[in-house]
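# how would this look folded up:
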Amino acid sequence: MFTSVLMIEKPLTPEDVEFVTTLHGEEQISFVVLMQPRGDQADVLLRAIDDVAIGELREAARESEEPEGKEAREPAAIALEYSLQELRKAGSEAVGQVVEEHPLDKLKTVVDDSRADEVIVLTAPHYVEEFFHRDWASRARHKVGVPVLKLFAHSE
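Coordinates of the predicted model:
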């Protein structure tokens with residue numbers, strides 16, 4: 001069985017589930033999902049700049065309204081559980097956890113412990129972070145020792 005560690009920052013859409021579960025054709029995939037809750041104030045600024053860059057002005061204005069830190073843990077746990085259920089409905093094995101501190105260290109540990117074949121970072125575009133190679137996928141490539149695939153999440 002092929003094992004993928006899937007890093008997400010919001011619940012999977014039906015399109016996301018279909019996309020990640022069919023990446024390897026008919027091969028059965030087991031997922032270890034790491035859900036990252038919203039970050040700190042610096043992340044709010046970067047997300048707002050990204051929103052402006054892609055013309056999402058309303059989203060940029062709402063960035064400061066999103067729960068952060070400990071307040072973001074409960075919504076992240078709900079989003080994680082929903083995503084795990086959807087992956088299981090699609091026929092994949094799926095376990096996961098919310099990651100709060102040192103996400104790249106946690107990713108490395110999970111990759112090693114699960115003997116993962118790859119990491120999939122499923123995220124919204126983060127142009128500023130990507131430009132400076134500070135996005136999760138770029139940083140993970142230097143840490144985990146397995147292929148890292150970056151995919152853009154679908155929006156509803």
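# What number of residues are in the vicinity of residue 106?
17 (other Cβ atoms under 10 Å). Where you see a C-beta, it was placed from the backbone N, CA and C, and this is true even at glycine.
# OK, contacts around it?
Counting by Cβ atoms under 8 Å, 6 or more residues apart in numbering, residue 106 makes contact with 34, 99.
# Three-state assignment for it, please.
Under DSSP: H, G, I helix; E, B strand; the rest coil, residue 106 falls in the helix class.
# Next one, pLDDT for it please.
Reported pLDDT at residue 106 in the predicted model: 91.
# any idea how far it lies from residue 143?
11 Å (Cβ to Cβ, to the nearest Å).
# Okay, buried residues for the lengthiest helix in the chain please.
Longest helix in the chain, counting residues (DSSP state H): helix 73-89. Of the residues in helix 73-89, 75, 76, 79, 80, 83, 84, 86, 87 count as buried by neighbour count, 16 or more other Cβ atoms under 10 Å.
# what's in contact with it?
So helix 73-89 is contacted by 8, 10-12, 14, 17, 20-21, 31, 33, 35-38, 67, 94-98, 100 (Cβ under 8 Å, 6+ apart).
# now swap in stretch 15-32 and tell me
Contacts of stretch 15-32 (Cβ under 8 Å, 6+ apart): 1-6, 12, 83, 86-87, 89-96, 110, 114, 116, 120, 122, 149, 151, 153-154.
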